[in-house]
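Visitor: could you work out the structure for the sequence below:
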Amino acid sequence: MKPFSDLLKPPKTLLKTVGIIFIALSFFYFGKHWSNNINNYQQYIFFNSYPNTPSVSLSPNLNKSYDLTTLTMAAPPPTMTAPPAQKSGVEVEDGGLSKAAPPVVAPPPAVVAVHRLGVVDENGVMRDDFEVGAFDVEVVEQGSNESEVAEGGGGVRVKVGRFVKCAASMREYIPCLDNVGVIKRLGAGKNGEKFERHCPEKDKGLDCLVPTPKGYKAPIPWPRSRDEVWYNNVPHAQLAEYKGGQNWIVVYKDKFRFPGGGTQFIHGADQYLDQISKMVPAIAFGRQTRVVLDVGCGVASFGAYLASRNVLTMSVAPKDVHENQIQFALERGVPAMVAAFATRRLLYPSQAFDLIHCSRCRVNWTRDDGILLLEVNRLLRAGGYFVWAAQPVYKHEPLLEEQWQEMINLTNRLCWNLVKKEGYIAIWQKPLDNNCYLSRDAQTQPPLCDKEDNPDDVWYVNLKPCITPLPEDGSGANITTWPARLHNPPERLQSIKIDAFVSRNDLFKAESKYWKEIIDSYLRSYWKKFKLRNVMDMRAGFGGFATALIDNQLDCWVMNVVPVSGPNTLPVIYDRGLLGVMHDWCESFDTYPRTYDLLHAAGLFSIEQKRCNISSILLEMNRILRPGGRVYIRDSILVMDELQEIGKAIGWRVTMRDTSEGPHASYRVLICDKRLR
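Guide: Next up is the predicted model:
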């Protein structure tokens, strides 16, 4: 007989059965609880097909992540009254008679208004009321409470050692223009090859932090910087010695001062600009003429004084005997970059500039059958003006008169019209169409370029000894006047090679609205006290970021950089009345160290990480960023950890911003401040 205690023990089978029932009930409860709690359930793309209201939208919960523990521990859903039980084929008693119950039809659910985040409506037409999506306004409003973030968002944690400072001799180092070994091998280079780009070999580029000059101070803000800059920021007095009698630049105590003169306008740039306006009133600075190229710019007083007339001027000069002139221009706050008319196309598109200016710019325009003036012709907008102030215009010496006649012959063959010659200034106008080119004698030189030649192809492309014909549709010539052209989609937008599922005009408008909303958010916090003049957008698209800065009346200019890895949108940028340049971020940019107050990069690194070394790009950004300047990076969370670590290794103060709501949930904002000391 079994002991009495054994009789009290329940059978093992019973225990197993009870356990299984308990687990099943638990799963049933949690499953029902989770499925009913629609406020916490992650929804994805859904389709609504109620009568006459078809629509497709994104759930506001798309791309959100949830903690399962939080979900299962949440409070139970509110009690809901269940509808009466329905029995299929069940008879209902009614006065002793049996009959089938009529089917109960549930009322249609109420149509919930769909919150649209898309650019186009259900008919594929762009809406004016579309929303960009959340920008984490709470964080923006608390912008003054910045703190360094140790944790990144989802990427692989990368440890980077601290970068060392470069030698003091490299404080004005431009990697692709200071490649001494290659330049020595070129020798004299009769066509100016030594002034062009010769970048270091792969993995032999900049790997250190370019130092600042001793005594460097925060730059004097614009507009004061137009007239004076700190001596220690650009400690080179050679130009003041060379050009002392021409009113370019003078040393005064601890500053350089700029009286506003030039070699051909020693009485001041304002008087010179007034003379040009009176000679050809149709030039109409600030309305018809918005974007100008100043060749051989000196210290850029021409462009500096045009700024007050609502004109953007790209000032260019080579690193020659006056090598620091571009550095002075940028320190003053004038758009500028190092460039030379030599053997390759400049990095700007065709029909970029409304006016091109050369005042004693030391360029032999008629050499090699006029190949350099042919490049000017490519860059000049249809109907645009070429202004030449030089000795052959006004001096009556045999050699100079011969040079003037060569210029007249060449410009006639280019179909340029000499509009006015007065004193030491001559002004030509480029034709509006191809009629003159087509009516020339068949043997006239230079010929028209082949149809296969792309005049907007500029990255390491040699100069072409031919005339770039104008588009048959008149695009480039028929742009509106400033400021309307800033917001009008130009006709050349239709020629951009991009994959577009909606109209290009819609994309153009959408980009502008996108950046306007973001810049509005920046202005509410980050930029209240942040003084910026020289700005670079490292992946500019159609120029929407620069447009938003103008719309917010920020007194700055933007270098819109179009990477070679993407579509060439530069023609659109120039048609809008903005400045820009083509560039490959696997290489160094053609500017001096410490020249930009703000560097903006949206989606750049997730694209270029497949082609370039990210550390090299960030070191280049550090080189061209002014001490006290700032970097804004908007990019995928997959690259942010690496960017954050490299930024810290450079010595930046790094702050991560979260944009975890709305359609930007996969993006983060990284803000990096370069310390002044």
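Visitor: for L186, phi and psi?
Guide: Taking degrees, to the nearest 10, you get phi -70, psi -20 for the backbone angles of L186.
Visitor: and the pLDDT for it?
Guide: As predicted, L186 sits at a pLDDT of 89.
Visitor: what does A442 give?
Guide: So, for A442, pLDDT stands at 88.
Visitor: likewise D227?
Guide: pLDDT, D227: 96.
Visitor: just C199 next, same as before
Guide: Predicted confidence (pLDDT) for C199: 96.
Visitor: also V291?
Guide: Note for V291: predicted pLDDT of 98.
Visitor: okay, it and E401: tell me how far apart.
Guide: Between V291 and E401 the distance is 34 Å, computed by Cβ to Cβ, to the nearest Å. Every C-beta, even on glycine, is put in place using the N, C-alpha and C of the backbone.
Visitor: just want to know which of those two has more residues nearby.
Guide: More crowded of V291 and E401, by other Cβ atoms under 10 Å: V291, with 26 against 12.
Visitor: where does the stretch 101-250 of the chain have low pLDDT?
Guide: Residues of the stretch 101-250 of the chain that meet the criterion pLDDT under 70 lie in 101-159, 243-245.
Visitor: at 50 what do you get?
Guide: 101-106, 109-118, 120-155 (pLDDT under 50).
Visitor: in it, which spans are helices?
Guide: For the stretch 101-250 of the chain, applying DSSP state H, counting those that start in this stretch gives helices covering 137-141, 180-186, 238-242.
Visitor: can you redo those helices as a markdown table with mean neighbour count and distance to P431?
Guide: Below are the helices of the stretch 101-250 of the chain laid out as a markdown table (neighbours: other Cβ atoms under 10 Å; distance: least, Cβ to Cβ, whole Å):
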| stretch | mean neighbour count | distance to P431 |
| --- | --- | --- |
| helix 137-141 | 14 | 50 |
| helix 180-186 | 12 | 37 |
| helix 238-242 | 15 | 38 |
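Visitor: how about those, which one is nearest Y424?
Guide: Ranking the helices of the stretch 101-250 of the chain by proximity to Y424 (Cβ to Cβ) places helix 238-242 first, at 20.6 Å.
Visitor: now do that closest one: everything it contacts.
Guide: By Cβ atoms under 8 Å, 6 or more residues apart in numbering, the surrounding residues in contact with helix 238-242 are W248, I249, V250, V251, F256, V299, H322, N324, Q325, F328.
Visitor: in these, which has the lowest confidence score?
Guide: Within those, pLDDT reaches its minimum at H322, with 75.
Visitor: residues touching it, list them.
Guide: Each residue near H322 by Cβ under 8 Å, 6+ apart is listed here: Q238, L239, Y242, G298.
Visitor: make CSV from those residues and add distance to Q494 to it.
Guide: Below are the contacts of H322 laid out as CSV (distance: Cβ to Cβ, whole Å):
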residue, distance to Q494
Q238, 49
L239, 45
Y242, 49
G298, 39
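Visitor: relative to L418, which of the helices of the stretch 101-250 of the chain is closest?
Guide: When the helices of the stretch 101-250 of the chain are compared by Cβ to Cβ, helix 238-242 sits nearest L418, at 32.4 Å.
Visitor: next SSE downstream of that closest one?
Guide: Per DSSP states H and E, the first helix or strand lying C-terminal to helix 238-242 is strand 250-252.
Visitor: what residues sit buried inside the following helix or strand past that next one?
Guide: The helix or strand immediately downstream of strand 250-252 is strand 255-257, counting by DSSP H and E. Neighbour-count burial for strand 255-257 flags K255, F256 (criterion: 16 or more other Cβ atoms under 10 Å).
Visitor: tell me the pLDDT of T659.
Guide: 63.
Visitor: ok, P3 next?
Guide: pLDDT recorded at P3 is 50.
Visitor: what does V419 give?
Guide: 98.
Visitor: mind checking how far it is from D354?
Guide: Per Cβ to Cβ, V419 is found 14 Å from D354.
Visitor: which one's more surrounded, those two?
Guide: Legend: neighbour count by other Cβ under 10 Å for V419 and D354, higher for D354 (25 against 15).
Visitor: where in this protein is pLDDT low?
Guide: In the chain (pLDDT under 50), the answer is 1-2, 4-5, 7-8, 32-106, 109-118, 120-155.
Visitor: do that again at 80, thanks
Guide: 1-160, 188-189, 239-247, 263-264, 266, 321-323, 499-502, 524-530, 657-666, 677 (pLDDT under 80).
Visitor: so who does the spatially most central residue of it touch?
Guide: With distances taken as Cα atoms, centre = their mean, the residue of the chain nearest its centroid is A540 (2.4 Å). Applying Cβ under 8 Å, 6+ apart to A540 gives the contacts A546, V558, N560, V561, V562, T569, I573, G580.
Visitor: my guess is the third one contacts P571. True?
Guide: It refers to N560. No. With contact defined as Cβ atoms under 8 Å, N560 does not reach P571; the gap is 11.8 Å.
Visitor: who has more neighbours out of those two?
Guide: Neighbour count, other Cβ under 10 Å: between N560 and P571, N560 has more, with 28 against 25.
Visitor: helix/strand/coil for that one?
Guide: Three-state assignment for N560 (DSSP: H, G, I helix; E, B strand; the rest coil): strand.
Visitor: which residues in the stretch 551-677 of the chain form helices?
Guide: In the stretch 551-677 of the chain, the helices defined using DSSP H, counting those that start in this stretch lie at 570-575, 604-608, 614-624, 637-650.
Visitor: deepest of those helices, which one?
Guide: Of all the helices of the stretch 551-677 of the chain, helix 570-575 has the most neighbours on average by mean count of other Cβ atoms under 10 Å, namely a mean of 28.
Visitor: report all helices and strands that it contacts.
Guide: When contacts are defined as 3 or more Cβ pairs under 8 Å, 6 or more residues apart in numbering; DSSP states H and E, helix 570-575 packs onto strand 557-563, strand 579-583.
Visitor: to A284, which of these lies closest?
Guide: Proximity to A284 (Cβ to Cβ) singles out strand 579-583 among those, at 19.1 Å.
Visitor: that closest one: partners in the sheet, and parallel or antiparallel?
Guide: Applying DSSP bridges to the sheet, strand 579-583 is found paired with strand 557-563 (parallel).
Visitor: quick check, E331 in a strand?
Guide: No. Going by three-state DSSP, the assignment for E331 is helix, not a strand.
Visitor: domains of the protein?
Guide: According to the TED database, the chain is divided into the following domains: 275-439, 483-674.
Visitor: distance-wise, check the closest residue in space to N232 that isn't next to it in sequence relative to L399.
Guide: Nearest non-adjacent residue to N232, counting by Cβ to Cβ, 6 or more residues apart in numbering: G215, 3.6 Å away. Using Cβ to Cβ, G215 is found at 47 Å from L399.
Visitor: and what of G296?
Guide: With distances taken as Cβ to Cβ, G296 is found 20 Å from L399.
Visitor: the two: who's more crowded?
Guide: More crowded of G296 and L399, by other Cβ under 10 Å: G296, with 21 against 10.
Visitor: which residue packs closest to that one, ignoring adjacent ones?
Guide: C361 (2.7 Å).
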